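**Q** Just to be clear, the model below is a prediction. Sequence and coordinates:
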Amino acid sequence: MTNSRSEIIRTQLLQLTDGALIWLAFWLGWAIRNFVRLEFGMGLEDSEMTDSLNWVLYIAIPLTPAILERMGFYKSLRTKRAGASVGQLIRTMFIMLLLIGAIAIFTKQFDTRRLALGSGLLMSFLLIITRDWLTRIWYRRISSDEDAKENVVIAGTGREMQDFLNGMDKELTATWHISKLFDLETQNMDGLFDILKKDSVSRVIFVTKQTDFEKVSQAVEICELQGVEAWISASFIRTQIARPVFDFLADRPMLVLRSTPELSWEMLFKSIIDWTIALLAILFTLPLWIFAIIGIRIASPGSSAFFSQLRAGRYGRPFRMWKFRTMVPNAEELLNQVKEQHGNQMDGPVFKLDGDPRIFAFGDFLRKLSIDELPQLLNVLKGDMSLVGPRPLPLYEVEAFSEITHRRRLSVKPGITCEWQAGGRNKITSFDQWVEMDLRYIDNWSLWLDFTILVKTIPAVLFRRGAK
């Protein structure tokens with residue numbers, strides 16, 4: 001069975017983790033050996049762990065994860081029983097013991113400390129089986145969490161869609177929420193657009209072999225305009241659209257048409273960097289949090305120091321975004337009145353206004369220094385937002401989008417800062433231009449681009465450029 005791109009990356013990440021655990025296990029094994037020698041009055045020797053076990057680590061760290069993969073240790077993490085994992089790991093450890101023993105004999109590595117070697121292998125078994133147990137618990141929890149499931153549409157004709165689902169691996173479909181079985185022959189294409197918008201769909205899987213090409217082409221275009229991935233069965237390859245790639249669902253080859261950054265190690269590193277920087281930023285800016293909370297309580301007593309609002313996340317899925325409150329408590333009720341009296345400086349569905357009368361004095365100070373944005377670091381830790389990405393908009397502004405193409409800015413995780421935030425928000429009054437900047441970011445994304453935007457954000461905050 002051929003692995004999908006996401007499964008390959010997941011397996012590689014688990015193998016790297018297990019390799020690190022093996023190194024830790026042999027270090028603990030050496031410590032156990034020294035402890036035993038002291039307890040039995042045998043004394044310590046001058047030799048270091050590196051002198052005795054380096055060659056073992058060179059073999060065990062790369063080969064153990066490789067053998068585990070051959071044993072199927074990294075597959076079916078949601079449905080595999082603990083006994084199966086234990087059996088696979090025992091067989092692997094037995095193979096490694098035979099291999100290390102054979103190499104020790106042929107290379108005459110007689111100075112290897114057998115107690116340290118045995119303790120290291122035992123600790124490797126315990127650490128890896130514990131990691132596997134925790135991983136399976138985590139995957140099963142995700143499978144049972146409806147909010148964490150991926151919203152998917154199956155598009156095709158008649159019986160083909162149900163046959164496709166019946167033939168899929170249940171472990172894979174357990175992570176899906178099937179929003180709709182969309183019949184391309186009988187249903188109107190406008191209905192597909194409404195489904196993608198209403199259900200925050202992340203991908204549409206086309207499993208048709210006989211549908212008119214024109215209908216599939218129209219459906220794919222709807223997906224592309226909204227930044228939703230289109231997965232097309234490899235038996236249907238007549239379309240000519242930019243950035244097609246092949247992937248697999250279980251053992252079924254699929255042609256995927258992506259208009260967003262694809263899953264990669266670079267994307268994984270982005271998530272790790274987001275989480276790390278957000279955690280460190282919260283720790284280093286904690287005095288500013290205390291300052292903001294006390295200041296808001298004094299300047300606008302009687303209400304919370306924090307403000308939360310439902311915003312549109314990736315694919316339009318709602319999430320609750322947090323900020324420090326900078327407006328009067330009934331600011332949202334006063335929005336329509338402010339629009340009527342003062343107008344809107346940004347054309348399109350987004351509301352922007354210099355000198356918004358709902359902002360109290362201390363709140364204006366927080367906005368100018370961008371201190372009000374700090375609680376969004378909690379959204380980054382939770383996984384709802386990234387450090388860099390299109391700014392999340394309130395749900396009612398997303399509903400007011402006049403162009404289908406505007407929704408493609410929802411195809412990536414929203415961010416605390418973006419090109420608009422870092423550079424041109426003072427000058428830009430056109431929502432179309434704002435969206436154009438977001439789409440340019442999506443189409444050209446890289447870690448270096450994220451780094452560049454973060455660097456540009458620092459002087460924008462320090463010198464209060466464009467703060468509103």
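**A** Yep, that arrived.

**Q** count of residues packed around A460?
**A** A460: 20 surrounding residues under other Cβ atoms under 10 Å. All C-beta atoms are positioned from the backbone trio N, CA, C, and that covers glycine.

**Q** Nearest spatial neighbour of it, chain-adjacent residues omitted?
**A** A422 (5.3 Å; Cβ to Cβ, 6 or more residues apart in numbering).

**Q** again with P357
**A** Closest residue in space to P357, ignoring its immediate chain neighbours: V338 at 6.4 Å, by Cβ to Cβ, 6+ apart.

**Q** For the one you found, which residues are in contact?
**A** L353, D356, P357, R358 (Cβ atoms under 8 Å, 6 or more residues apart in numbering).

**Q** Just the buried residues of the residues you listed.
**A** Buried members of the contacts of V338, counted by 16 or more other Cβ atoms under 10 Å: L353, D356, R358.

**Q** Longest helix in the protein, please.
**A** Assignment by DSSP state H gives helix 5-39 as the longest helix of the chain.

**Q** what's that helix packed up against?
**A** Under the contact criterion of 3 or more Cβ pairs under 8 Å, 6 or more residues apart in numbering; DSSP states H and E, helix 5-39 touches helix 49-70, helix 114-144, helix 265-284.

**Q** Tell me which stretches of the stretch 351-468 of the chain form helices.
**A** 361-368, 376-382, 395-399, 419, 431-443, 447-462 (DSSP state H, counting those that start in this stretch).

**Q** Please convert these to CSV, extending it with distance to R203.
**A** Listed next are the helices of the stretch 351-468 of the chain as CSV, based on distance: least, Cβ to Cβ, whole Å:
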stretch, distance to R203
helix 361-368, 38
helix 376-382, 23
helix 395-399, 19
helix 419, 26
helix 431-443, 16
helix 447-462, 24
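
**Q** out of those, which comes closest to I105?
**A** When those are ranked by distance to I105, counting by Cβ to Cβ, first place goes to helix 447-462 at 47.2 Å.

**Q** Next, the angle from that closest one to helix 431-443.
**A** Angle between the axes of helix 447-462 and helix 431-443 is 140 degrees (criterion: axes from the mean of the first three to the mean of the last three Cα atoms, to 10 degrees).

**Q** List the buried residues of helix 447-462.
**A** Residues D450, I453, L454, T457, A460, V461 are the ones in helix 447-462 that count as buried (16+ other Cβ under 10 Å).

**Q** helices and strands around it, which ones?
**A** helix 265-284, strand 386-388, strand 415-417.

**Q** Report the rounded mean pLDDT for the first one.
**A** Meaning helix 265-284. For helix 265-284, the mean pLDDT works out to 90.

**Q** so how far is that helix off the chain centroid?
**A** 11 Å (Cα atoms, centre = their mean, to the nearest Å).

**Q** again, but for the last one
**A** In this view, strand 415-417 has its centroid 15 Å away from the chain centroid, taken as Cα atoms, centre = their mean.

**Q** So what are the sheet partners of that strand and their directions?
**A** Strand 415-417 pairs in its sheet with strand 386-388 (parallel), by DSSP bridges.

**Q** So what touches the partner strand?
**A** Outside strand 386-388, the residues that touch it by Cβ under 8 Å, 6+ apart are 270-271, 273-274, 277-278, 380, 412-418, 441, 449-450, 453-454.

**Q** Try it again at 6 Å.
**A** Here strand 386-388 makes contact (Cβ atoms under 6 Å, 6 or more residues apart in numbering) with D274, K413, G415, I416, T417, D450, I453.

**Q** next one: stretch 137-148
**A** By Cβ under 6 Å, 6+ apart, the surrounding residues in contact with stretch 137-148 are L77, R78, A174.

**Q** The nearest residue to the first one once chain neighbours are set aside - how many residues pack around it?
**A** Read it as L77. Nearest residue to L77, sequence neighbours excluded (Cβ to Cβ, 6+ apart): Y139, at 4.7 Å. By other Cβ under 10 Å, 19 other residues sit near Y139.

**Q** And L268, by the same measure?
**A** Other residues within reach of L268, judged by other Cβ under 10 Å, total 14.

**Q** circling back to that earlier point, mind putting the helices of the stretch 351-468 of the chain in CSV, distance to L257 and mean pLDDT included?
**A** Putting these into CSV (distance: least, Cβ to Cβ, whole Å; pLDDT from 0 to 100) gives the following:
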stretch, distance to L257, mean pLDDT
helix 361-368, 41, 90
helix 376-382, 29, 95
helix 395-399, 24, 87
helix 419, 25, 83
helix 431-443, 14, 86
helix 447-462, 23, 85
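
**Q** Walking through the stretch 151-300 of the chain, point out its strands one by one.
**A** For the stretch 151-300 of the chain, strands defined by DSSP state E, counting those that start in this stretch occupy the ranges 176-183, 203-206, 229-233, 244-249, 252-257.

**Q** Minimum distance to P394: which of these has it?
**A** With Cβ to Cβ, the closest approach to P394 among those belongs to strand 176-183: 23.1 Å.

**Q** For that closest one, buried residues please.
**A** Buried, per 16+ other Cβ under 10 Å, within strand 176-183: W176, I178, S179, K180, L181, F182, D183.

**Q** So which of the contacts of V338 is the closest to S370?
**A** D356 (16.0 Å).

**Q** Let me know the distance separating that closest one from T326.
**A** For D356, the distance to T326 (Cβ to Cβ, to the nearest Å) stands at 9 Å.

**Q** Check G415 too.
**A** Computed as Cβ to Cβ, the G415 to T326 distance reads 20 Å.

**Q** Ok, R81 next?
**A** 53 Å.

**Q** again, but for H342
**A** 17 Å.

**Q** same thing with K75?
**A** 50 Å.

**Q** between those two, who's got more neighbours?
**A** For K75 versus T326, neighbours defined as other Cβ under 10 Å are more numerous around T326 (24 against 17).

**Q** what about the stretch 1-150 of the chain, any weak spots by pLDDT?
**A** In the predicted model of the stretch 1-150 of the chain, residues 1-4, 36-52, 108-115 satisfy pLDDT under 70.

**Q** could I get the buried ones among the contacts of V338 as a markdown table with pLDDT and distance to L98?
**A** Shown next, in a markdown table, are the buried ones among the contacts of V338 (pLDDT from 0 to 100; distance: Cβ to Cβ, whole Å):
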| residue | pLDDT | distance to L98 |
| --- | --- | --- |
| L353 | 74 | 74 |
| D356 | 81 | 73 |
| R358 | 89 | 73 |
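
**Q** Which single one of those residues is nearest to P390?
**A** Nearest to P390 among these, with distances taken as Cβ to Cβ, is L353, at 20.7 Å.
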